[in-house]
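> Task: produce atomic coordinates for the following.
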Amino acid sequence: QVQLVESGGGLVQAGDSLTLSCAASGRTFSTVAVGWFRQAQGKEREFAAAISWSGGSTYYAASVKGRFTISRDNAKKTVTLQMNSLKPDDTAVYYCAAGPRDSRWHVGLVYDYWGQGTQVTVSS
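Numbers count the residues shown, from 1 in each chain. Below you'll find the model as predicted:
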């Protein structure tokens, strides 16, 4: 069992940076991949980034590659999403998810555990 709590969202201007954190509880956190997803109002949830259990592999959606960086600290049971050069299109509720049942880390349905989400709003 893994419980996830996101934090760090807020209101920023275009071009600013923001750091999201996902704090986890549960013994198995350090052994599972973690992903960040986002859902804008009126749109479907979409993949943003994912990281392997060791942190050795990372994956990004094309829309955020080069601007977002995902990292993890298994000792602290946290996963961080550093977001730079934010755009109004990045406005969404951001969710972290853990424990994908297969290697399709970009697919939300394969994740077993989800946080409650944190709102990110980027003004133009």
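> What is the helix or strand hosting I70 packed up against?
Using DSSP states H and E, I70 sits within strand 68-73. For strand 68-73, the packing partners by 3 or more CB pairs under 8 Å, 6 or more residues apart in numbering; DSSP states H and E come out as strand 34-39, strand 46-51, strand 58-60, strand 78-83. Bear in mind the C-beta positions are built from the backbone N, C-alpha and C, glycine included.
> switch to 10 Å and redo it
strand 18-25, strand 34-39, strand 46-51, strand 58-60, strand 78-83 (3 or more CB pairs under 10 Å, 6 or more residues apart in numbering; DSSP states H and E).
> any chance of those in JSON lines, plus distance to F68 and mean neighbour count?
What follows is those, written out as JSON lines (distance: least, CB to CB, whole Å; neighbours: other CB atoms under 10 Å):
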{"stretch": "strand 18-25", "distance to F68": "9", "mean neighbour count": "19"}
{"stretch": "strand 34-39", "distance to F68": "8", "mean neighbour count": "24"}
{"stretch": "strand 46-51", "distance to F68": "6", "mean neighbour count": "22"}
{"stretch": "strand 58-60", "distance to F68": "6", "mean neighbour count": "17"}
{"stretch": "strand 78-83", "distance to F68": "5", "mean neighbour count": "22"}
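> want to throw the ones you listed into TSV with distance to Y111 and mean pLDDT?
Below are the helices and strands packed on strand 68-73 laid out as TSV (distance: least, CB to CB, whole Å; pLDDT from 0 to 100):
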stretch	distance to Y111	mean pLDDT
strand 18-25	12	96
strand 34-39	6	98
strand 46-51	10	98
strand 58-60	14	97
strand 78-83	13	98
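> Pull up the gap between the residue most central in space within the chain and F29, please.
Geometric centre of the chain, nearest residue: W36, 2.2 Å, by CA atoms, centre = their mean. Distance, W36 to F29, by CB to CB, to the nearest Å: 15 Å.
> one step back: the residue nearest to the centre of the chain bridge partners, please.
A49, C96 (DSSP bridges).
> so the closest residue to V122 other than its chain neighbours, which of the three states?
Of all residues not flanking V122 in the chain, L86 sits nearest, at 4.6 Å (CB to CB, 6 or more residues apart in numbering). Using DSSP: H, G, I helix; E, B strand; the rest coil, the structure places L86 in coil.
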